[in-house]
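[1] Dropping the sequence and predicted coords here.
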There are 2 protein chains.
Amino acid sequence: MMNFSSQLITDAVSEFSRLPGIGQKTALRLVLHLLKQPKDQVEMFSLVIKKMRNEIKNCRDCHNYSDSEVCMICASTLRDRNKICVVENIRDIIAIENTAVYTGLYHVLGGVISPVDGVGPDQLYIESLLKRIEKENCTELIMALNPNMEGDTTLFYISKKLKDKNIKITSIARGVAFGGELEYTDDLTLARSFASRLPFENYLVGG
Amino acid sequence: MMNFSSQLITDAVSEFSRLPGIGQKTALRLVLHLLKQPKDQVEMFSLVIKKMRNEIKNCRDCHNYSDSEVCMICASTLRDRNKICVVENIRDIIAIENTAVYTGLYHVLGGVISPVDGVGPDQLYIESLLKRIEKENCTELIMALNPNMEGDTTLFYISKKLKDKNIKITSIARGVAFGGELEYTDDLTLARSFASRLPFENYLVGG
């Protein structure tokens, strides 16, 4: 534990150090930076963080973080309401939104089925997804889960629950990343990319 | 600019992104971490930062950051008041305190003389250092400035100001770092380490 010869600095460093990926040295750098800023700017920093935590909600429909009862995306009249994209968490939504290619709705599961971590279907927002599909006129469910064992288990579980419904279930493509090299691609990805091959026009860069 | 589909999250990410070394992705990771913490914990984070900025002072004597008018080190009765170690900023004090070898007082200059950056002696706490040396019964001034052009200029300036006083002025040793390799040491350091050589017993590792 470093000695800062100030309780005020010690406390602030200790608070910053609780954040993920921030050690004591980085925390100190941030604290010394804030000490050099005008008081009202630091007050604003403090206020914005507190306000965010106190006022954030979960969207009633898709369970995404939201400023109001229904999130901006679910409330938008510009989105295609026939498509629902299923993701693990809000970080995935941000990543997909930044591509600007998807205009449908989302559904946040809040995790994936993982027996090892003790996460079963009941701890996820799967029931509410099924109810939502009934209610809304959803024609395609796009599964955008991470390509690993837990993602696949969850994908399989949800597809089984929906097998009697008249709904198309797709998954985002998995394969060798654009700009990646075959040589450095893991065996499973490479093997699966053979099994899932499509006419080459589908995959032209910039196509 | 990433789209977070929440103004609360957007504002918090933007505040974190102003901190040095924190980009938007890191800021988002910190924000999502805070959203998962209990409200009172985030409130505490917010409060501690604000309190620190509002209540921090500069020590009347050494200009170090301080919780009160005089800092913990200057106020301590356990410190050797005959020695004053001159440093550029509080980070240097923290580094030196962590070695636990120095028991004297400090004096923070608040920078170093740097004509290129437009920093002259008047912008630094040099006048107050000279007054302090008069007032306190200081017998040794230990210069712990960074070994570069600006550090040397400052060292030289202060030593000239004190040449008529009966005070010993020393500098912390400069040379090849312990654990370092000659091969990768820059020319200036290596050349100076020849000029400043001492009987080898002074430099034995663990000696």
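    Everything's here; your move.
[2] Name the residues of stretch A:166-180 that are buried.
    A:171, A:175-176 (16 or more other CB atoms under 10 Å in any protein chain shown). Any C-beta I mention is one placed from the backbone N, CA and C, and that applies to glycine too.
[3] neighbours around residue A:73, how many?
    Counted with other CB atoms under 10 Å in any protein chain shown, the neighbours of residue A:73 add up to 22.
[4] repeat for residue A:186
    Every residue meeting other CB under 10 Å relative to residue A:186 is counted, giving 9.
[5] element containing residue A:107, please.
    Per DSSP states H and E: residue A:107 is located in strand A:104-108.
[6] Adjacent strands (with direction) for that strand?
    With DSSP bridges as the test, strand A:104-108 is paired with strand A:80-87 (parallel).
[7] got any ranges where chain A has weak pLDDT?
    Low-confidence segments of chain A (pLDDT under 70): A:1, A:203-207.
[8] Can you give me the distance of the nearest residue to residue A:45 once chain neighbours are set aside to residue A:50?
    Setting aside the residues directly before and after it, residue A:45 is nearest to residue B:15 in space (CB to CB, 6 or more residues apart in numbering or on different chains), at 4.8 Å. Distance, residue B:15 to residue A:50, by CB to CB, to the nearest Å: 11 Å.
[9] burial of residue A:9, as a residue count?
    23.
[10] what's the answer for residue A:159, then?
    Residue A:159 - counted by other CB under 10 Å - has 14 other residues nearby.
[11] With residue A:82 instead?
    Neighbour number of residue A:82 under other CB under 10 Å is 12.
[12] Torsion angles phi and psi at the residue nearest to it when sequence neighbours are not counted?
    Spatially, and ignoring its direct neighbours in sequence, residue A:82 is nearest to residue A:139 (4.6 Å; CB to CB, 6+ apart). Main-chain dihedrals, residue A:139, degrees, to the nearest 10: phi -110, psi -20.
[13] Residue A:139 and residue A:80 touch, don't they?
    No. Residue A:139 lies out of contact with residue A:80 (CB atoms under 8 Å); the separation is 9.8 Å.
[14] Go through whichever helix or strand comes after the strand holding residue A:107 and flag the buried ones.
    Using DSSP H and E, the helix or strand that directly follows strand A:104-108 along the chain is helix A:127-135. By neighbour count with 16+ other CB under 10 Å, helix A:127-135 contains the buried residues A:128-129, A:132-133.
[15] Check the offset of helix A:127-135 from the chain's centre.
    20 Å (CA atoms, centre = their mean, to the nearest Å).
[16] So what touches that helix?
    A:61, A:63, A:84, A:86, A:107, A:109, A:138, A:141, A:158, A:161-162, A:165, A:167 (CB atoms under 8 Å, 6 or more residues apart in numbering or on different chains).
[17] rerun that using 7 Å as the cut-off
    With CB atoms under 7 Å, 6 or more residues apart in numbering or on different chains as the test, helix A:127-135 has contacts from A:61, A:86, A:107, A:161, A:165, A:167.
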